[in-house]
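Asks: Sequence isn't available, so here's the structure alone:
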């Protein structure tokens, strides 16, 4: 079963707008990661937030983590057409997981020029 | 995709035939993973390896086997391919330093079983 569930499943915005995607998970985690996948390509790691962190930034990306609600959000500011892709959250469940990640089903983001 | 290659990139095969997919890395990373990606299911872990000759099952391991005889190579074998194994297969690696466990993905192999 999937640990992470993204919301919404699909999001369409205009260039320059902000995009927010959410991820909920069920069990305790060691860290949570976000990945991007362009059509027909492999996933690319974007950002990792540890369970003891609440917010992290990387360029135009801002990730928040609320462990009490078991949820995370990814904000992309000032979106560009090149941001069009699928975005996945993935949870690292800690030492017993054998360094495995559990991925959600993803949010398809379309940024219209 | 730097440092990770998958072969073949595309393959069409018939039901009942054996198929082997290869993942090769030049990063000397300890962990290697095989996933399949299907519409509506995201990425699901098939098998993974935490060292040479050390492998373990993932979420959807039935019908698949793996081998890792060298650090750089991780092979996924479908002993007798079925149509339900039509999918896109991704290999990933992780150096797992500092407990971070971020993964780096190969370009994928599109497998069609007819």
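Replies: Now that the structure is in, tell me what you want to look at. Quick caveat: nothing in here was measured; it's all calculated off a predicted structure. Residues are numbered from 1 along each chain as shown, chains lettered A, B, ... in the order given.

Asks: Dig out what residue 31 forms beta bridges with.
Replies: Using chain A here. residue A:50, residue A:92 (DSSP bridges).

Asks: ah, I was thinking of chain B
Replies: Beta-bridge partners for residue B:31, by DSSP bridges, are residue B:94.

Asks: Pull up the gap between it and residue A:60, please.
Replies: Plainly put, residue B:31 is 30 Å away from residue A:60 if you go by Cβ to Cβ, to the nearest Å. Backbone N, C-alpha and C define where each C-beta goes, glycine included.

Asks: Can you pick out the residue with more neighbours from the two?
Replies: residue B:31 (20 against 14; other Cβ atoms under 10 Å in any protein chain shown).

Asks: so what pLDDT did the closest residue to chain A within chain B get?
Replies: Here the residue of chain B nearest chain A is residue B:105; by Cβ to the nearest Cβ that distance is 3.5 Å. What the model reports as pLDDT for residue B:105 is 95.

Asks: cool, residue B:2 as well?
Replies: Taking residue B:2 on its own, its pLDDT is 59.

Asks: Please apply the same query to residue A:29.
Replies: At residue A:29, pLDDT is 88.

Asks: Need phi/psi at it.
Replies: Note on residue A:29: backbone dihedrals following degrees, to the nearest 10 are phi -130, psi 160.

Asks: From the contact counts, what lies against the longest strand along chain B?
Replies: Under DSSP state E, the strand in chain B containing the largest number of residues is strand B:42-51. In terms of contacts (3 or more Cβ pairs under 8 Å, 6 or more residues apart in numbering or on different chains; DSSP states H and E), strand B:42-51 is packed against strand A:101-103, strand B:31-38, strand B:54-57, strand B:64-70, strand B:73-78.

Asks: Taking strand B:31-38 as reference, get the angle to it.
Replies: 160 degrees (axes from the mean of the first three to the mean of the last three Cα atoms, to 10 degrees).

Asks: what's in contact with strand B:42-51?
Replies: Under the criterion Cβ atoms under 8 Å, 6 or more residues apart in numbering or on different chains, residues A:2, A:43, A:88, A:98-106, B:30-38, B:55-61, B:64-66, B:68, B:74, B:76, B:89-90 lie in contact with strand B:42-51.

Asks: Give me the buried entries from those.
Replies: A:2, A:43, A:88, A:98-106, B:30-37, B:55, B:58-61, B:64, B:66, B:68, B:74, B:76, B:89-90 (16 or more other Cβ atoms under 10 Å in any protein chain shown).
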